[in-house]
Structures are given as C-alpha cells and as structure tokens.
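**Student:** whatever this is, show me its structure:
(2 chains)
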Amino acid sequence: MATDTARKSVPLWSRLLAPAHAPTYQRKEAIIGWLMAAPAIILIFMFLILPFVMAFGFAFTNQRLISPNPTEFVGWRNFENLLTVRTFTLDPLLDDETGLPILDEDGSLTYPRLRDYTRGNPDYPELDGLREWFSWNIGETRVYMLASDVLFMKALFNTTLFVLFVAPIQGGLALLLALLINQKLRGINIFRTVYFMPVVTSLIVVSFLWRFIYDGQNGMLNTILSAITFGAFQPHDWLGDPSTALWSILIMSVWQGVGFHMVIWLAGLQNIPGTLYEAASIDGAGRWQKFRSVTWPGLRSTSVFVLVVITMQAFSLYAQIQAMTRGGPLDSTQSIVFQTVIRGYEKQDIAGGSTISVVLFFFVLIITLVQRYLTREKTA
Amino acid sequence: MTTQAQPVTRSRLFLPGGFSFSLAGKYTLLILVALIFVLPILFMIFSSLKPEEQLLRDTSSFRAFLPVGNLSLQNYEDAFRRVPMATFVGNSILVTATTVALGLIVNSMAAFSFALLRWRAKNTIFSVILATFIVPFETFAIPLLLIVNTLPWLHIGLDGIYITQGWLNSHHVQIIPFIASAFQIFLFYSFFKDLPQEIVEAARIDGANSFQIYWRIIIPISGPVIATATILRILDMWNQFLWPLIVVQQEEYRPVMVGLQYFFQLDIAWGEIMAYLSTLTIPVLIVYLLLQRTFIESIASTGVKG
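**Tutor:** Sure, this is the predicted structure:
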C-alpha cells in the first residue's frame, strides 16, 4: 500500500528521469544523476552544439554580421559557389583560310580567351562566373580546371597535403623517438623531458619564434645550413617562397607536436608485457622480427589513437597560418580553417564562413569513419 | 642441445648494446636529438637578453645559442612599455584559474553521473557529447560570437547592480563557454569507470546518497586524474588566442597571447618580441620542469584510455 501511494504521487517530471515503476532509491539516483550532469549538458548545449547547429543553418542563408537587408534562405547556393569544379577544354586557334594553327611571336600555339567563355557567354551558362584554378596541355588541347571558389580550392588542397604528410611524418618520428627513449639508460628521463618541452610551449609562441628562425636575412636556419655546408648554402626566405612556405610550417608543426605523440607511443610500448619479448628471444627472433611480431601488433590501439589525433589536429590548421603567413605568399599556405575565420570574421560573411565549416565537418567525419574502418579490429 | 644454446648466445650479443650503437653512440644520438628541441628555445631566451644589433649579428654565428656579449633586461623593459603586461598577465591568470576551477567541478560531476549513476537518456546524451570531439573550435567560433553577443549579464560592481546586454569585452566571455569540456568529461569518465564498483556499492549500503559518494569517496581518490585535467586545461586556457582576439577589443580584458599583435605594427623589434615570447613561455617551462613526471604521465594516460 505504501509503495502504491508513493508511486501514484510521483510527479510527471520525475517519471521522465526514471522508469515509472522504479523504487524510490532508483528515482532519487536518477534525479541526482540528472542534476549533477545538468550544468555540463547545459553549457555544452549552449556554447558548442547550438553554435554548431547555427553554422549549419547559416550555410543555407545569406547572413552577414551587419547588413541592411533581411537574411534570406538561399538553398544550396553557398555550397554551389564554394564547391563547383569543372574541366573545360580549348583547342588552339586555327587560321580560317589555311586551317593551320595561329602562332604567336614566340612560335607558341594561341588559344581563345578563357574569359570569353566564363563571363556571361549565353552558349556556356554552366561556366558563368567560374575561374581558372590550374590548367595543363594534352597534346595541343589545353585543359582547364575551373572552380567557382579558387581560393577555397587552394585552401582545401593545401590542408589535404598538410594532413597527408604530417600524419605519417609526425606519427613515424614520434614512434622513433619513443623507441629511442624506451631504453634502460642512465639519465634517460632528462632526454624525455627535453623532447617534450616544445609541447608545453604555446603553438602561437612557437610560430612567432620560428618566423625569426625561418627569416630570409637574419634567420637561424640559414645560418646553420650555411655553417654545415661550409658556406655553400645560399640564404633562403623560407616563408616568403611559395614553394617552401607550407613545408616550413609543416616542419615547425612536427617539431612542436612530436613530443606529445612520443609520450603516447611510449605509454603503448610500456604496456606490452616483457614476457612476450622474452618468448621471442627464446624463439631466436632478431631486433626487426621482434618489432614486427611483438611491438607493432602490441601498439595497434595506440596507433589508431595517434593517427586520429594527428589527422584532426592537422585539419584544424589555423594558429600557425595566422601567426606566420596569413595564407601567403601567393595563397600557398591558405588553409580551410583560416578561410573560415577570414570570411566569417574579417569579411563578416557569416554564411560563407559557416558553409566552409559544414564542409570541413563532413570532411573530418568521413575521414574519421574511414580511418576507423581501415584500422578496425579484424576479428572473425 | 646445440639448437637451444644458440639463441642464448645471440641474445647476449644483440640485446645489451644493440648491434649498431655502442653506449657512447646512443648518448650522442640522444644528445643530437635533444639539441633539435632545445636550441630554438635557448635561442629565444638568450636573444631576449641582447641589444637589437648584437642579436641580429649573432644569428650569423653560433653565438646565437650562447648568452654572450652585452646582456641586459632592456628588451623586457621596452616590451613591457609597449604592452600593459601586468593587465594582460592578470587577465590570463584570472581567466585560466576560474575556468580550470569551475571546469573541474562541472566536468567531474557530469562524468561521475555518466559513469556511475543510472538515469534515463544517459547513454544518448553521453554519445552526443563524445561526438562533439571531432568539431574543431574554429568552425563554430563565429556563431558562438553571435550567441554571446545577445546574452544578458547581471553586472555587479561598485557602480551598482544592473543588467547589461551582450558579453563582449569582459572576463566572463572568456570563461563561461570553456567551463564544460567534452574531453575533460571523457577523461574523468574513463578514470571513474576503472574504479572498483564495490566502493560505490559499499557506500550506498552505508546509506550515502549519490552526491555524498561523489564528494566524500570518489573525489578524494581522484588525485591523478584531477592533476591531468588541471594541467591540460591550464595549457589550453593560457594559450587561448582566436577567441579573445574576436570577443575582446578593450585592452583591460585582453589576455597575454593576444598581446603579441602589439609587436608586429610598423617596426619589428625582434629583441622585444623574444623578450615577450620568453615571458609567456618561461613560467610554463618552470612549472613543467618541476612537475615533468606528472605532465608526461597526464599526456600518456589520455592515449591509453583512448
């Protein structure tokens, strides 16, 4: 009887938290559980999920930070303007009478002007507004890769390049360092401490410091290289040259972050039972065989973690760009996240910035899922 | 017999020294690698002590890595004249300390609830929180800016108590959005999950309610994970750059990292920049060197759990 009346008097809100027939102690636990989790849930909803959902919404509007016109729904237009890519071919100009190609003063083939096709040509409405991203020749035919947003395409390309190279380089070097540090030597902890030092130094600080190291005139890197080669090396403006700028940022990023992943690998190495190595020794395994058949399989879950973390960090490449090159020279270091900030904040084009955010989100999501799939436990 | 004896001699040959490195070779390699990591930092600190002309001259030789020549704290004096250092450091300490303290309570409490209590919709909510991991902050910074710009705030000060509109240009705009953290919740969650469940059951039988179990039993034995969470959060918050850059225009609320912008105006004085960079870095490095074991174990534990 007593429990029956208690059950009836249970208010609706309390029934949402625990099953209707739950005894009082369970209901109490559920209420306290909710109350304890509530601050975090509310804060994460307000300051993470809500703005993220808003970004999704803005991507389908023409929202600007300050605008005299009301915000309008524009459908997929922002995505079209961002992601459209088309190939287009042009044949060399032929002389109407002779049928031979017209050559310019240098004897090279001449082509019709691309602009005549991409600027309001009624015969090619699908090319309207597109611009040249890059082009190449197949025989005498010139092939153009046209894009609606060349700057974004460059950012996408650079970021992908950065991710593809940083993940194996940083992950691999970190593993080498971990193997180096995982030896029983006197004072080995001192080296571990030193290798980890850049990790506790802010990425922004490191970026400004390396701007000086990479400097073309007074840079430390040039000094060292010229000393090592006995003066044969000519000073180079590492961040000022489009062909070296992104690589310079990549090397600096590896320098700053490699200690972090070294420690993760190290923890993985120390989790491998020593008995496995003893067994391998008894079986007569050499160093390399031990690494292949004991160490590497033992590091499986660690390697997934390292790969996923580096990839996600690399995709959000921003601070280094902001502090070192701001996307230059010649857009050679534009990155996706840098473009989000530039458009959304500096150009006050919230819709444009949000569209990039949404694209980036799906990019990271797909890659994370693919990585999960490729590195899944292969159990029968 | 012979086939069994062979591996033993082999392992004796190969294991202690390895086959390509003698002990001296190993240390040489370790030291060379150490130089790669330490030289840029030494360069920064020593450069900050040199007058501008000497600093630029020294980079053309290995004097760059040595504290030689005319050393003084002049660069620090000039840098602190350019930037209201005390204000910026004060802001950074205030923002970092408050966020870390509130974050420890909020996140550990939520993690306790997710890990050890039973309530409806718990698993769904927890997976949504974990899923937010893959969203980089920069991608929703602008909508977040719009949100905080519309929020009201109850101002309490010597000039009275009143409601203001918008959070821009304040300390709390740098604190409140960062108190809750999916990563921190996950960190506490994995620690709590690994605790023996009997502790909780025993306390419950003794009549303790859920909050008492959290506060009197779980938190007192959570020292290691609290240290990890604190260290990682301090690094995050001290290094905040983009967010304060876009939400704070008034000098009186700016944190230290944003102060770097003051040095890239018309004239670039590398000595002053190095002095400022050193000021930002040396305190963190000292704390790191004192607590290096805790630091490194903190990072290591994030990987093992993940």
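
**Student:** now stretch B:174-192 - C-alpha only, PDB.
**Tutor:** Output in PDB follows, covering the C-alpha atoms of stretch B:174-192 (Å, rounded to 0.1, in the frame of the first residue of the first chain):
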ATOM      1  CA  GLN B 174      36.500  34.200 -22.000                       C
ATOM      2  CA  ILE B 175      35.500  31.900 -19.100                       C
ATOM      3  CA  ILE B 176      31.900  30.600 -19.300                       C
ATOM      4  CA  PRO B 177      31.900  29.000 -22.800                       C
ATOM      5  CA  PHE B 178      35.000  26.900 -21.800                       C
ATOM      6  CA  ILE B 179      34.000  25.600 -18.400                       C
ATOM      7  CA  ALA B 180      32.300  22.400 -19.800                       C
ATOM      8  CA  SER B 181      34.600  20.300 -22.000                       C
ATOM      9  CA  ALA B 182      33.700  17.000 -23.700                       C
ATOM     10  CA  PHE B 183      37.400  16.000 -23.500                       C
ATOM     11  CA  GLN B 184      37.600  16.600 -19.700                       C
ATOM     12  CA  ILE B 185      34.300  14.700 -19.100                       C
ATOM     13  CA  PHE B 186      35.700  11.800 -21.100                       C
ATOM     14  CA  LEU B 187      39.000  11.900 -19.100                       C
ATOM     15  CA  PHE B 188      37.100  11.800 -15.700                       C
ATOM     16  CA  TYR B 189      34.700   9.200 -17.100                       C
ATOM     17  CA  SER B 190      37.400   6.700 -18.000                       C
ATOM     18  CA  PHE B 191      39.000   7.100 -14.600                       C
ATOM     19  CA  PHE B 192      35.700   6.600 -12.800                       C
END
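
**Student:** does that stretch reach chain A?
**Tutor:** Yes - with Cβ under 8 Å from any Cβ of the partner chain as the criterion, chain A is reached by stretch B:174-192 at B:176-180, B:182, B:185. Quick note: C-beta positions are derived from backbone N, CA and C, even for glycine.

**Student:** take the residues you listed and write them to JSON lines, including distance to A:I321.
**Tutor:** Output for the residues of stretch B:174-192 next to chain A, formatted as JSON lines (distance: Cβ to Cβ, whole Å):
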{"residue": "B:I176", "distance to A:I321": "28"}
{"residue": "B:P177", "distance to A:I321": "23"}
{"residue": "B:F178", "distance to A:I321": "23"}
{"residue": "B:I179", "distance to A:I321": "28"}
{"residue": "B:A180", "distance to A:I321": "28"}
{"residue": "B:A182", "distance to A:I321": "25"}
{"residue": "B:I185", "distance to A:I321": "30"}
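
**Student:** between those residues, which has the most around it?
**Tutor:** Counting neighbours by other Cβ atoms under 10 Å in any protein chain shown, B:I185 leads these with 29 neighbours.

**Student:** can you check the pLDDT for B:P283?
**Tutor:** Per-residue confidence (pLDDT) for B:P283: 89.

**Student:** how much space separates the closest residue to B:R204 other than its chain neighbours from A:Y25?
**Tutor:** Leaving aside its chain neighbours, B:R204 sits nearest to B:I213 (7.0 Å; criterion: Cβ to Cβ, 6 or more residues apart in numbering or on different chains). With distances taken as Cβ to Cβ, to the nearest Å, B:I213 is found 13 Å from A:Y25.

**Student:** can you check A:E278 too?
**Tutor:** Separation of A:E278 from A:Y25 (Cβ to Cβ) stands at 51 Å.

**Student:** closest point of the stretch 101-250 of chain A to chain B, which residue?
**Tutor:** As assessed by Cβ to the nearest Cβ, chain B sits closest to A:S202 within the stretch 101-250 of chain A, at 4.1 Å.

**Student:** contacting residues around that residue?
**Tutor:** Applying Cβ atoms under 8 Å, 6 or more residues apart in numbering or on different chains to A:S202 gives the contacts B:238-239, B:257, B:280-281, B:284.

**Student:** do I have it right that the residue nearest to B:R204 meets B:V200?
**Tutor:** Yes - contact criterion Cβ atoms under 8 Å: B:I213 and B:V200 qualify, at 5.8 Å.

**Student:** common neighbours of these two, please.
**Tutor:** Applying Cβ under 8 Å, 6+ apart, one finds that B:I213 and B:V200 are jointly contacted by B:L116.

**Student:** more neighbours, B:I213 and A:Y25?
**Tutor:** Ranked by neighbour count (other Cβ under 10 Å), B:I213 and A:Y25 place B:I213 first, with 22 against 11.

**Student:** assumed the more buried one was part of a strand.
**Tutor:** No - applying DSSP: H, G, I helix; E, B strand; the rest coil, one finds B:I213 to be helix, outside a strand.

**Student:** model confidence for it, exactly?
**Tutor:** B:I213 is given a pLDDT of 91.

**Student:** where's the residue positioned nearest the centre of chain A relative to A:R326, distance?
**Tutor:** Per Cα atoms, centre = their mean, the C-alpha nearest to the average position across chain A is that of A:F315, at 0.8 Å. Separation of A:F315 from A:R326 (Cβ to Cβ): 19 Å.

**Student:** low-confidence ranges in the stretch 201-306 of chain B?
**Tutor:** B:303-306 (pLDDT under 70).

**Student:** residues in it within reach of chain A, list them.
**Tutor:** B:209-211, B:214, B:235, B:238-239, B:241-242, B:246, B:257, B:260, B:270, B:273-274, B:277, B:280-281, B:284-285, B:288-289, B:292, B:295-296, B:299-304, B:306.

**Student:** only whichever of those residues are buried, select them in PyMOL.
**Tutor:** Command for PyMOL that selects the buried part of those, burial taken from 16 or more other Cβ atoms under 10 Å in any protein chain shown:
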select buried, chain B and resi 210+211+214+235+238+239+241+242+246+257+260+270+273+274+277+280+281+284+288+292+295+296+299+300+301+302+303+306
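
**Student:** surely B:F295 meets A:G259?
**Tutor:** No - under the criterion of Cβ under 8 Å, B:F295 makes no contact with A:G259, lying 10.5 Å away.

**Student:** name the residues contacting each of those two.
**Tutor:** A:F196.

**Student:** doesn't B:G223 make contact with B:F191?
**Tutor:** No - B:F191 sits out of contact with B:G223 when judged by Cβ under 8 Å, with a separation of 10.3 Å.

**Student:** between the two, which one's more packed in?
**Tutor:** Neighbours were counted for B:F191 and for B:G223 using other Cβ under 10 Å; B:F191 has more, 23 against 9.

**Student:** list the contacts of residue 162.
**Tutor:** No chain specified, so I'll use chain A. By Cβ under 8 Å, 6+ apart, the contact list for A:F162 reads A:246, A:249-250, A:314, A:317, A:335.

**Student:** that's the wrong chain, I wanted chain B
**Tutor:** B:154-155.

**Student:** now swap in the one 10 residues further on and tell me
**Tutor:** Shown here is B:H172, whose contacts under the criterion Cβ under 8 Å, 6+ apart are B:W153.

**Student:** just the helices in the stretch 101-250 of chain A please.
**Tutor:** All helices of the stretch 101-250 of chain A, identified by DSSP state H, counting those that start in this stretch, fall at A:115-118, A:150-181, A:188-200, A:203-213, A:220-228, A:245-270.

**Student:** can you redo the ones you listed as JSON lines with distance to A:I356 and mean pLDDT?
**Tutor:** Formatted as JSON lines, the helices of the stretch 101-250 of chain A follow (distance: least, Cβ to Cβ, whole Å; pLDDT from 0 to 100):
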{"stretch": "helix A:115-118", "distance to A:I356": "23", "mean pLDDT": "84"}
{"stretch": "helix A:150-181", "distance to A:I356": "7", "mean pLDDT": "93"}
{"stretch": "helix A:188-200", "distance to A:I356": "29", "mean pLDDT": "91"}
{"stretch": "helix A:203-213", "distance to A:I356": "21", "mean pLDDT": "91"}
{"stretch": "helix A:220-228", "distance to A:I356": "33", "mean pLDDT": "81"}
{"stretch": "helix A:245-270", "distance to A:I356": "19", "mean pLDDT": "93"}
